[in-house]
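In: The following block contains a protein sequence and its predicted model.
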Amino acid sequence: MKERLVIIQTTTPHYRSAFFQQLQKVLGDRFTLYAGDRYFESSITSDFESINAKRLKNYFLLKKKLLFQTGHWHLLFSKAVLVLELNPRIVSNWMFAVIRAVFRRKTVFWGHAWPRAGKEAGTDTLRHAMRKMASAIIVYTHKQRQELQEKMPNKQVFAAPNALYRKDQMEAQATSTHPRHLIYVGRLTSEKKPFFMVKAFAKAAETLPDDVQLWVVGAGEQSEQIENWCHAHPMRDRIRLFGEISNYEELRTLYTQSLFSISPGYVGLSITQSLGFGVPMLVSREENHSPEIEALQEGENAVFFDTDSEMDFTEQLQRIYRQQDEWIAKRKEISKRCANAYSVEEMAAPFISLIEPADES
C-alpha cells in the first residue's frame, strides 16, 4: 500500500489555497488536511470554502499563549506521514511528537527554523527539542535549511519557500499605459504599520506626479482609524481603500497598474505576491521581517527606506519615480525569477517527496 500524507494545521487561510490544491492535484486521495478555525492572531482564519480540510477544535490556553487541538487523535498511531507545525506553543503537537517517536511513526515538522527573535534566542531550546523528535523538517527558506542543516547534520531538512501562485499565474502583465500607482496588500495591523504608510504618503504625494495614488488592500484592527483619517485629510483623493481582496484576477489588475508595492512594517508573503506580478517593493529596512525577505535584492527588485522615517520614505519614492522607466523594464525579469523559485509547484515538491521518491514524481 502506498504511503499517505496528512498535514495538520492551526488554520488554513485563503492564501494557502493554491498550495493545498496542488498537493490534492498530485496526490489525490493520498493527501488529507486537518485544520482549526482561527490562529493565535485572531485576524488569521481558515478558508474552508476554497480549501478542503477536515475541521479540528482549537482550544487556546493562558490568554492565547498555548494551543491544544482535538479532532485528530485517531491519527496518533497512524502509519501515514504526519506533518505538524513546528511551533512549541501547540501542546498537542508535543504529545503527538513524543508518542509517535516512541512507536517509530514518521512525523515531519513544518515551520520557521528559528524563533522570531532569531536562532540565538533562548526560546530555541524548546524548538530544538521539538526538532530532534522529527523524522524530517521542512522550513520556509533555503537559507534556513542551510543554517539548520549545519546545526543538525544528521537530520533530513527540506526548504519549501512560501508561495501563493502557480508558475503560469506569475507573469508581469503587459499594459497599454505605464504603471503609476503604489499598492499595499496585507493586514491592517499595528506591526505592519499601514497607518504610518498612509500618513507618510499623504506628505510625499505633494512631491510626486499628480496622478499617483496609494491603493490599500486589506482589513484589520487599524481599518477604521485609517478610514477616518483619510476622510478628514486633504489628500484623501490620492488614497483608495479597497478592503480585503483575495481574488487572483482582481489583485492582478491592481498590481498591473502599480509601479511599486510597499511594506511599511515587517514583510512576509506579500513579497512573493508582488514579485510574482513583476512589481518591485519599497520596504522598511530595520524590521523583524519574515524569512521571505531573502527574495529581495536591493536595486534589483526592491528599494529600502529608513524605518519609521517619513523623510526617507519620501526621498525613496521621489527616486523611484525619477527612475520609473528603469524599474518598469525590470518587471518581466522580476516575475520570471520569482516564478522559478517561489511557485506553489516548488513549495509542494518537498511535501510530495515525503511519500513519493523523486524518480516517481
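Out: Now that the structure is in, tell me what you want to look at.

In: Residue 239 is in contact with residue 214, correct?
Out: Yes - judged on CB atoms under 8 Å, residue 214 makes contact with residue 239 at a distance of 4.9 Å. Bear in mind the C-beta positions are built from the backbone N, C-alpha and C, glycine included.

In: who touches the residue nearest the centre of the chain in this structure?
Out: Nearest to the mean C-alpha position of the chain, counting by CA atoms, centre = their mean, stands residue 269 at 2.7 Å. Shown in contact with residue 269 (CB atoms under 8 Å, 6 or more residues apart in numbering): 15, 162, 164, 290, 292.

In: What values do phi and psi take at residue 352?
Out: Dihedral pair for residue 352: phi -60, psi -40, per degrees, to the nearest 10.

In: Just confirm it contacts residue 26, I think it does.
Out: Yes - judged on CB under 8 Å, residue 352 makes contact with residue 26 at a distance of 5.6 Å.

In: List the buried residues in stretch 42-58.
Out: 46, 47, 51, 53, 56, 58 (16 or more other CB atoms under 10 Å).

In: Next: stretch 135-155.
Out: So for stretch 135-155, counting by 16+ other CB under 10 Å, buried means 135-141, 144-145, 147-149, 152.

In: Could you give the separation between the terminal residues of it?
Out: 8 Å (CA to CA, to the nearest Å).

In: And for that stretch, what's in contact with it?
Out: Identification of contacts with stretch 135-155 by CB under 8 Å, 6+ apart yields 81, 83, 86, 106-114, 119, 131-132, 134, 156-162, 290-292, 294, 350-351, 354.

In: now it, how far from the centre of its chain.
Out: Relative to its chain's centre, stretch 135-155 lies at 19 Å (CA atoms, centre = their mean, to the nearest Å).

In: What segments of the stretch 201-350 of the chain are helices?
Out: Using DSSP state H, counting those that start in this stretch, the helices of the stretch 201-350 of the chain run over residues 223-232, 248-256, 270-276, 310-322, 324-329, 331-341, 344-353.

In: roughly how far apart are residue 64 and residue 89?
Out: As defined by CB to CB, to the nearest Å, residue 64 lies at a distance of 9 Å from residue 89.

In: Show me whatever sits in contact with both of those two.
Out: Joint contacts of residue 64 and residue 89 (CB under 8 Å, 6+ apart) are residue 40.

In: just to revisit the earlier point, is it possible to mark the buried ones in the contacts of stretch 135-155?
Out: Taking 16+ other CB under 10 Å as the criterion, what is buried in the contacts of stretch 135-155 is 81, 83, 86, 106-114, 131, 134, 157-162, 290-292, 294, 350-351, 354.

In: Just the ones of those in helices?
Out: Taking DSSP state H, the ones among the buried ones among the contacts of stretch 135-155 that sit in helices are 131, 350, 351.

In: Go ahead and confirm residue 84 touches residue 93.
Out: Yes - here residue 84 reaches residue 93: they are 4.7 Å apart, a contact under CB under 8 Å.

In: Could you tell me which residues touch both of these two?
Out: With CB under 8 Å, 6+ apart as the test, residue 84 and residue 93 both reach residue 8.

In: Report the contact partners of residue 272.
Out: 161, 162, 163, 164, 292, 295, 338, 342.

In: Next, format the ones in helices among the buried ones among the contacts of stretch 135-155 as TSV and append distance to residue 125 and pLDDT.
Out: Shown next, in TSV, are those (distance: CB to CB, whole Å; pLDDT from 0 to 100):
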residue	distance to residue 125	pLDDT
131	11	97
350	26	97
351	27	98
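
In: That concludes my questions; thank you for your assistance.
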